[in-house]
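J.: With the input below, show me the fold.
(chains A and B)
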There are 2 protein chains.
Amino acid sequence: MLFSSLLQCTREQEGTTQRYRNATSALGTNQTSGTGAPLAHPIANVAVDHDHRMLRVCWEGGEVEVFPFVWLKDNCRCSSCYHAVSHSRLILMEDIDLEAKPTNAKMVGGGQQVEVVWQDGHRSTYGAEWLRLRGFSEENRRVRESSFRLARKYWGSESLEKVPEALFQELLTDDAALLGWLRQLEVFGFVKVNGAPVETGQVRRLAERIAFIRKTHYGEDFSVKAKLDPSNVAYLNGPLQLHADLPYYEYKPGVQFIHCVVQYEGVGGDTQVTDAVHVAHQLQQAHPEHYRVLTDTPVDWFDIGTDENMEFHKLLRLPMICTDKNGEIRRINLSQPQRNSHFSVPVGEVAAWYAALVAYHRLLADPQYCLQFKMIPGTILTFDNLRIVHGRTGYLSGQGERHVEGCYVDWDEVRSRRRVLESKLEPDHS
Amino acid sequence: MLFSSLLQCTREQEGTTQRYRNATSALGTNQTSGTGAPLAHPIANVAVDHDHRMLRVCWEGGEVEVFPFVWLKDNCRCSSCYHAVSHSRLILMEDIDLEAKPTNAKMVGGGQQVEVVWQDGHRSTYGAEWLRLRGFSEENRRVRESSFRLARKYWGSESLEKVPEALFQELLTDDAALLGWLRQLEVFGFVKVNGAPVETGQVRRLAERIAFIRKTHYGEDFSVKAKLDPSNVAYLNGPLQLHADLPYYEYKPGVQFIHCVVQYEGVGGDTQVTDAVHVAHQLQQAHPEHYRVLTDTPVDWFDIGTDENMEFHKLLRLPMICTDKNGEIRRINLSQPQRNSHFSVPVGEVAAWYAALVAYHRLLADPQYCLQFKMIPGTILTFDNLRIVHGRTGYLSGQGERHVEGCYVDWDEVRSRRRVLESKLEPDHS
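T.: Residues are numbered from 1 along each chain as shown, chains lettered A, B, ... in the order given. Modelled structure (predicted):
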């Protein structure tokens, strides 16, 4: 509001999509468009506003943005202030000049750049497009959101008419297919990968197309089949109720891979998958008090045992539904076996918490939200372990084997790989 | 308050320390004390309170706790409800009985156990000590806190009169020394490990005494020395300002190891270490508005490059000082090179944020908070990357080499290892 008087030019009408294309293509570059072609938006004029300590930039077409002096100085791209190879600011924190002001600022290169001469004699040059992409307007700030994380699309068993699918061999050889898979994982939280060889070692091959496996105390890739004296109930043949893995990890692995190597041929061993964030939203609408209890009540999650010759004793206290400062759900913790008998709440809150859990679980298992199917050998389920809960119906042991192999890759690496692929395959997002 | 009328016995006076000892020794066990000795606290009487749906348990000595029926039923330890080997609840979520009620409850085994017969005929037995440790009173709930995370002790350069130290060889061979080191890491956030061999490969040996290395896009163990065309400014020879590593990782590595293999012999290359959470508290007291700005303003952190033949494009938006719902500081993000030129805040907030950054940095670098010393070869600095900022003064390249090797281990694994060692070395915490 303070700066509305500066908006003297007419605002150009322009869709967000096009702006996003420019924004992402220039994330890793400076001052020129990805193609080297003339810039679409040269600068029409610049003016120094000493009263507000801002540089006013007006593009041809009429859009105006203002840039604080201190930000401009801190982001000088000259070789003594910035190391281009590592994309790193070299200017030191003690050299940030809160009082920096230009003695002169002008358009150069036919409006392709702005040159600022500072009071201390330092000279900075900023590209027109580089500045445009860093405009502080609300629209400009929104444009970049999807580079951080893609917006989720929630689903029940009806709304997810067809589970998103991908082909194993394509993911291994085709970067465009790889990018498509990673995007669907972020958006829907669940993708079936078909056609993997029916032998162990495939989850690792898939993970390494992204980056590397996230290791836990169960190792890197791990096999799930019936075992004697198991360290985890997954290694029994009873039902594995809807759950998210490793709720006791503060840094809970982000994306889970489950490869069906051998399927049990009798009745049972079906896979169940539910979008637990979607169901939490339904619970919030239908029973706001249950939702509040599950987001506010700390629960003790734990796992004690030995695997791969390593003893572990994990322990974490977090609500079942974890929300951020904006109330958005960031993580679901649900695991009946790995919920501790220690429950650290005032005794009067216990019964209400159980009532909320039972209500939430009923919705999670409801066929309108829960997909149930039998995996066939060669399928790899890939899903968001912070959002999706998965389970398996019980089966009889001794009547044929069942063997799945799993591993995890963290969202930090998945999103990083998506951005790398976007820069490579869609430099102009065309 | 609701149940205060149940507190008919006199409360026993008992220190928290002793209670903690019992609590942690019984975390992984059931119903008997670690030593197999008779229980210190047998039960004096039990009563069923149908009005409040609670079991009232009164210990000899007078302490009383009440336990909700639904919790008792959900935590039945019989072999059809609970799998002892994996410490896992087998009772299914759909079988949680919100209406469960006992037809009978009595003391058995001379007050060592309580037996409950449920309306559906199911019979549950609970150990006296097992119940005591799960009491819902405020004191009981507080007792377990330190098993989750140890309380931090904050420090400035004066209050940390002597940096906590450990001996490399002892950590490799002596579990008690190992436990001591892990505790000091949690409490002080910073421990110097002395006497490591002066060759690479030592950080891995140390990490594997805990669990395993946390991998990032820079690999597992990584060398920092002057490089041409570096992917990171750490590989230049200029000053590396106070910073925390990898601020663009949502799952930011928890504990960092830095092993000095070769030290530069000229002037420079000094190490700087500051407790950035302590300094943030000082900022909060002296300049609450600066503190508020740094905890509330989202900052774009990023890293783009190639390392170990893997391209990465990390991006994360988080405040410099990250607080949890209770306002406690959980993570510090500070890295001048890895702060993006994109700054997604309303333009009117930019100048105040820079003023807060400069004020915070001045305190961080102030000799009253910042330790500065020159590492000698064979020293491994180990510190909390969520809390501590570290730096290095510049040095001249071409006048002798400088080579440090680093790696990370996550807090999830460090705390797990601490609990495993506590169970092994201090079964009664004696």
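J.: Run through the residues of the stretch 251-400 of chain A sitting next to chain B.
T.: Within the stretch 251-400 of chain A, the residues that sit near chain B (CB under 8 Å from any CB of the partner chain) are A:251, A:254, A:302-305, A:310-317, A:336-339, A:341-348, A:350-351, A:354-355, A:357-358, A:361-362, A:365. To be clear about C-beta, it is placed using only N, CA and C from the backbone, and glycine gets the same treatment.
J.: Mark which of those residues are part of helices, please.
T.: In helices, judged by DSSP state H, the following of these are found: A:350-351, A:354-355, A:357-358, A:361-362, A:365.
J.: Of the residues you listed, keep whichever come out buried.
T.: A:350-351, A:354-355, A:357-358, A:361, A:365 (16 or more other CB atoms under 10 Å in any protein chain shown).
J.: and the residue most central in space within chain A, how far is that from chain B?
T.: For chain A, residue A:149 is the residue whose C-alpha lies nearest the centre (CA atoms, centre = their mean; 4.6 Å). Taking CB to the nearest CB, to the nearest Å as the measure, residue A:149 falls 9 Å from chain B.
J.: Residue A:394 and residue A:361: what is the separation?
T.: 17 Å (CB to CB, to the nearest Å).
J.: Hmm, I typed the wrong one, I wanted residue A:95.
T.: Taking CB to CB, one finds residue A:95 at 57 Å from residue A:361.
J.: Also residue A:392?
T.: 16 Å.
J.: for the residue of the stretch 101-250 of chain A found nearest chain B, phi and psi?
T.: Closest residue of the stretch 101-250 of chain A to chain B, CB to the nearest CB: residue A:136 (3.7 Å). Main-chain torsions, residue A:136, degrees, to the nearest 10: phi -90, psi 0.
J.: Pull the contacting residues for it.
T.: Applying CB atoms under 8 Å, 6 or more residues apart in numbering or on different chains, we find residue A:136 in contact with A:65-67, B:343, B:345-347, B:350.
J.: If we only consider these, which is nearest to residue A:330?
T.: The shortest approach to residue A:330 among these belongs to residue B:345, at 21.4 Å (CB to CB).
J.: Could you give the number of residues near the closest one?
T.: Applying other CB atoms under 10 Å in any protein chain shown, we find 17 residues neighbouring residue B:345.
J.: Tell me who's in contact with it.
T.: Going by CB under 8 Å, 6+ apart, residue B:345 touches A:136, A:141, B:297-298, B:353.
J.: again with residue A:104
T.: Counted by CB under 8 Å, 6+ apart, residue A:104 has contacts A:48, A:116-117.
J.: lowest-confidence helix or strand of chain A?
T.: None of the helices or strands of chain A scores lower by mean pLDDT, DSSP states H and E than helix A:16-25, at a mean of 34.
J.: Give me the next element, helix or strand, following that helix.
T.: Using DSSP states H and E, the helix or strand that follows helix A:16-25 in sequence is strand A:43-49.
J.: so how far is residue A:320 from residue A:357?
T.: 7 Å.
J.: who touches both of these two?
T.: Contacts common to residue A:357 and residue A:320, judged by CB under 8 Å, 6+ apart, are residue A:294.
J.: Tell me if residue A:72 really is in a helix.
T.: Yes - counting by DSSP: H, G, I helix; E, B strand; the rest coil, residue A:72 is located in a helix.
J.: That one contacts residue A:55, doesn't it?
T.: Yes - counting by CB atoms under 8 Å, residue A:55 is a contact partner of residue A:72 at 6.1 Å.
J.: residues bridging contact with the two, i.e. touching both?
T.: Shared contacts of residue A:72 and residue A:55, counting by CB under 8 Å, 6+ apart, come down to residue A:116.
J.: returning to what we had before: so can I have CSV of the buried ones among the ones in helices among the residues of the stretch 251-400 of chain A next to chain B showing distance to residue B:259 and pLDDT?
T.: Formatted as CSV, these follow (distance: CB to CB, whole Å; pLDDT from 0 to 100):
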residue, distance to residue B:259, pLDDT
A:350, 49, 98
A:351, 53, 98
A:354, 50, 98
A:355, 53, 98
A:357, 47, 98
A:358, 52, 98
A:361, 49, 98
A:365, 51, 96
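J.: And the helices in chain A?
T.: Applying DSSP H to chain A gives helices spanning A:16-25, A:69-74, A:128-133, A:138-143, A:145-148, A:168-173, A:175-188, A:202-210, A:276-286, A:288-296, A:350-365, A:411-425.
J.: Residue B:100: which of these is closest?
T.: Closest among those, using CB to CB: helix A:350-365, at 9.8 Å.
J.: Can you pull the domain assignment for chain A?
T.: Taking automatic domain parsing as the domain assignment, the ranges for chain A are A:4-148, A:165-422.
J.: pLDDT weak spots in the stretch 101-250 of chain A?
T.: Low-confidence segments of the stretch 101-250 of chain A, defined by pLDDT under 70: A:226-236.
J.: ditto for the stretch 251-400 of chain A
T.: Using pLDDT under 70, the stretch 251-400 of chain A drops low at A:397-400.
J.: The residue nearest to the centre of chain A and residue A:185 touch, don't they?
T.: No - in this structure, residue A:149 is not within contact of residue A:185 by CB under 8 Å, at 11.5 Å.
J.: what are the ranges of the strands in the stretch 251-400 of chain A?
T.: Taking DSSP state E, counting those that start in this stretch to define them, one finds strands in the stretch 251-400 of chain A at A:255-262, A:271-275, A:299-307, A:310-318, A:321-323, A:329-332, A:370-373, A:380-384, A:388-392.
J.: okay if I get the ones you listed as JSON lines plus mean neighbour count?
T.: Converted to JSON lines, the strands of the stretch 251-400 of chain A look like this (neighbours: other CB atoms under 10 Å in any protein chain shown):
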{"stretch": "strand A:255-262", "mean neighbour count": "23"}
{"stretch": "strand A:271-275", "mean neighbour count": "24"}
{"stretch": "strand A:299-307", "mean neighbour count": "21"}
{"stretch": "strand A:310-318", "mean neighbour count": "20"}
{"stretch": "strand A:321-323", "mean neighbour count": "20"}
{"stretch": "strand A:329-332", "mean neighbour count": "20"}
{"stretch": "strand A:370-373", "mean neighbour count": "16"}
{"stretch": "strand A:380-384", "mean neighbour count": "25"}
{"stretch": "strand A:388-392", "mean neighbour count": "23"}
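J.: Of those strands, which is nearest residue A:193?
T.: Per CB to CB, nearest to residue A:193 of those: strand A:380-384, 4.1 Å.
J.: Pairing partners for that closest one, with directions?
T.: Partners of strand A:380-384 in the sheet, by DSSP bridges, are strand A:190-194 (antiparallel), strand A:255-262 (antiparallel).
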